[in-house]
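I'd like to go over a predicted model; first the sequence, then the structure.
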Amino acid sequence: MEVPLLDLKGQYATIKEQVMAALAEVLESQQCIGGPKVAELEKQVAAVSDCKYAVGVSSGTDAILNCLMSLEIGPGDEVITTPFTFFATIGCIARVGAKPVLVDIDPRTYNIDPNLIEAAVTQRTRAIMPVHLFGQMADMDPIMEVARGRSLAVIEDAAQSITSTYKGKKAGSIGTAGCFSFFPSKNLGGIGDGGMIVTDDEPLFKRLMMMRNHGMEPKYFHKYVGGNFRLDPIQAAALLVKLPHLGDWSEARRRNAAYYNKRFAGTVVQTPWISPDCKTIYNQYCIRVPRRDELVAHLKANKIGCEIYYPVPAHLQECFACLGYKRGDFPESERAAAEIMALPIYPELTCPMQDAVVQQVLAFLK
Ligand SMILES: Cc1ncc(COP(=O)(O)O)c(C=O)c1O
């Protein structure tokens, strides 16, 4: 049986008519930039995130970039995050001219180890950027404690974790701001690129709104050097159709995860550890296994979708050689990069499909 890592066509088939109608509405209106769909999506994402404000932007990457620019973080500043994340987290810090200062992860959650942050803080530190990886939020209380004591901003990279919770609080609602991605593989995925920033901070919100439109207010008067980070109304229209399903889709992912957990119990497969403080949305279901690369090759040969998130931690990426880190600096991130792999977890996955995945994994590892 073939099992893809993700089946976007399957999901689209369930909402096709509503999506087409919503797109037609935008096209008929010819409101091609901004407008009511973007504003409505901002309102709804702010609401589901328990935040006062939301700013639609062109991608999760631009959400992070806009946050850093709006907080005036730049050359001479340092931002603390982990090397075990998608490139964009650290790429954005570098793009504004600030220095990414990396600390290792908690090997159970793959999120930043809060016990290591304090020692990384210097006079130049301006922000901490925890990444809520794979759908589970980082351990936010100790992170906020370090930040509060030193008036540091906390930018939550919640690209993979919209609506997930930590001690009952929503992703994006604890730090200074939270950044979401609507990349199509996310739990709430667009039909192209898109992103959003949520915050309770009104002055920051106003600045984010201006910054996404070349720092312009009123028209052709530029207070800041911003960018074109605007969210496309076509994306907003499709996302407004999908958002009401997000809770059910994430619940289906949790059900699928429970099935895998049960089937892999007592085997060499190390299943995800979810903190009792967290409710994950399982953007990815990542296991650790021996002979990982061989297993990936075996599954792919047998038409079972799987992926390695992420094979190379940031401190070992060619473009970050300038940061001066070396192999061995972040052992947990390096170990995770060598052992981890993601299995299909998308909501439309059926039991026979999951059974086929489990059988292939266990047959290979036996
Ligand atoms: C942790 C993390 N940060 C940032 C991003 C960037 O989001 P986007 O791809 O929408 O630019 C992603 C998405 O891929 C991500 O997973």
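All right, it came through fine. Residues are numbered from 1 along each chain as shown.

For the rest of this, base every contact and every neighbour count on C-alpha atoms.
OK.

Quick check: residue 101 is in a helix.
No - counting by DSSP: H, G, I helix; E, B strand; the rest coil, residue 101 is located in no helix; its state is strand.

Quick check: closest non-adjacent residue to it.
Ranked by C-alpha to C-alpha, 6 or more residues apart in numbering and with sequence neighbours excluded, the top spatial neighbour of residue 101 is residue 80, at 4.7 Å.

burial measure for residue 150, as a count.
14 (other C-alpha atoms under 10 Å).

Can you check the pLDDT for it?
On pLDDT, residue 150 comes in at 94.

That one and the ligand, how far apart?
Using C-alpha to the nearest ligand atom, to the nearest Å, residue 150 is found at 25 Å from the ligand.

Need phi/psi at that residue.
Backbone torsions for residue 150, taken as degrees, to the nearest 10, come to phi -120, psi 10.

and if you look at the one 3 residues further on?
Comment: the main-chain dihedrals of residue 153 come out as phi -80, psi 150, following degrees, to the nearest 10.

Residue of the stretch 151-300 of the chain nearest the ligand, please.
Evaluated by C-alpha to the nearest ligand atom, the stretch 151-300 of the chain has residue 181 as its residue closest to the ligand, separated by 4.1 Å.

so that residue touches residue 159, yeah?
Yes - counting by C-alpha atoms under 8 Å, residue 159 is a contact partner of residue 181 at 4.4 Å.

Up against the ligand, what does the protein have?
Neighbours of the ligand within the chain, by C-alpha under 6 Å from any ligand atom: 59-61, 85-86, 88-89, 131, 157, 159-160, 181-183, 193-195.

Give me the subset of these lying in strands.
Using DSSP state E, the subset of the residues of the chain next to the ligand located in strands is 157, 181, 195.

Throw the residues you listed into JSON lines and include distance to residue 171 and neighbour count, thanks.
Formatted as JSON lines, these follow (distance: C-alpha to C-alpha, whole Å; neighbours: other C-alpha atoms under 10 Å):
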{"residue": "157", "distance to residue 171": "9", "neighbour count": "31"}
{"residue": "181", "distance to residue 171": "12", "neighbour count": "30"}
{"residue": "195", "distance to residue 171": "14", "neighbour count": "28"}
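
Can I get those residues in JSON lines including pLDDT?
Listed next are those as JSON lines, based on pLDDT from 0 to 100:
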{"residue": "157", "pLDDT": "98"}
{"residue": "181", "pLDDT": "98"}
{"residue": "195", "pLDDT": "98"}
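
which one of those residues is nearest residue 321?
residue 157 (23.0 Å; C-alpha to C-alpha).

That closest one pairs with what?
residue 131, residue 179 (DSSP bridges).

Same question for residue 222.
Assessed by DSSP bridges, residue 222 has beta-bridge partners residue 216.

I'd like to know which elements the helix or strand hosting the residue nearest to residue 101 is packed against.
In this structure, residue 80 sits in strand 78-81 according to DSSP states H and E. Strand 78-81 sits against strand 99-102, strand 125-128, with contacts defined as 3 or more C-alpha pairs under 8 Å, 6 or more residues apart in numbering; DSSP states H and E.

what would these look like in CSV with mean pLDDT?
Formatted as CSV, the helices and strands packed on strand 78-81 follow (pLDDT from 0 to 100):
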stretch, mean pLDDT
strand 99-102, 98
strand 125-128, 98
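
Same list (those strands) but as a markdown table, adding mean neighbour count and distance to residue 221.
As requested, the helices and strands packed on strand 78-81 are exported to a markdown table (neighbours: other C-alpha atoms under 10 Å; distance: least, C-alpha to C-alpha, whole Å):
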| stretch | mean neighbour count | distance to residue 221 |
| --- | --- | --- |
| strand 99-102 | 23 | 31 |
| strand 125-128 | 24 | 29 |
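
Looking at those strands, which is nearest to residue 66?
Comparing the helices and strands packed on strand 78-81 by C-alpha to C-alpha, strand 125-128 comes nearest, at 14.0 Å.

In the sheet, which strands lie alongside the closest one, parallel or antiparallel?
Paired strands of strand 125-128, with direction, are strand 78-81 (parallel), strand 153-157 (parallel) (DSSP bridges).

Adjacent strands (with direction) for the helix or strand just after the last one?
Tracing the chain C-terminally past strand 153-157 and defining elements by DSSP H and E, one meets strand 165-166 next. Strand 165-166 has these partner strands in its sheet, going by DSSP bridges: strand 169-170 (antiparallel), strand 278-279 (antiparallel).

which residues sit against strand 165-166?
Contact partners of strand 165-166, identified using C-alpha atoms under 8 Å, 6 or more residues apart in numbering, comprise 136-140, 171, 277-280.

Do I have it right that residue 129 meets residue 78?
No - counting by C-alpha under 8 Å, residue 129 does not reach residue 78; the two are 10.7 Å apart.

related to what we said a few turns ago, please list only the buried members of the residues of the chain next to the ligand.
Buried by 16 or more other C-alpha atoms under 10 Å: 59-61, 85-86, 88-89, 131, 157, 159-160, 181-183, 193-195, out of these.

those helices in the stretch 1-150 of the chain, which residues are they?
Under the criterion DSSP state H, counting those that start in this stretch, helices of the stretch 1-150 of the chain are mapped to 8-29, 36-48, 60-70, 87-95, 140-150.

any chance of those in a markdown table, with distance to residue 1 too?
As requested, those are exported to a markdown table (distance: least, C-alpha to C-alpha, whole Å):
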| stretch | distance to residue 1 |
| --- | --- |
| helix 8-29 | 16 |
| helix 36-48 | 37 |
| helix 60-70 | 34 |
| helix 87-95 | 33 |
| helix 140-150 | 41 |
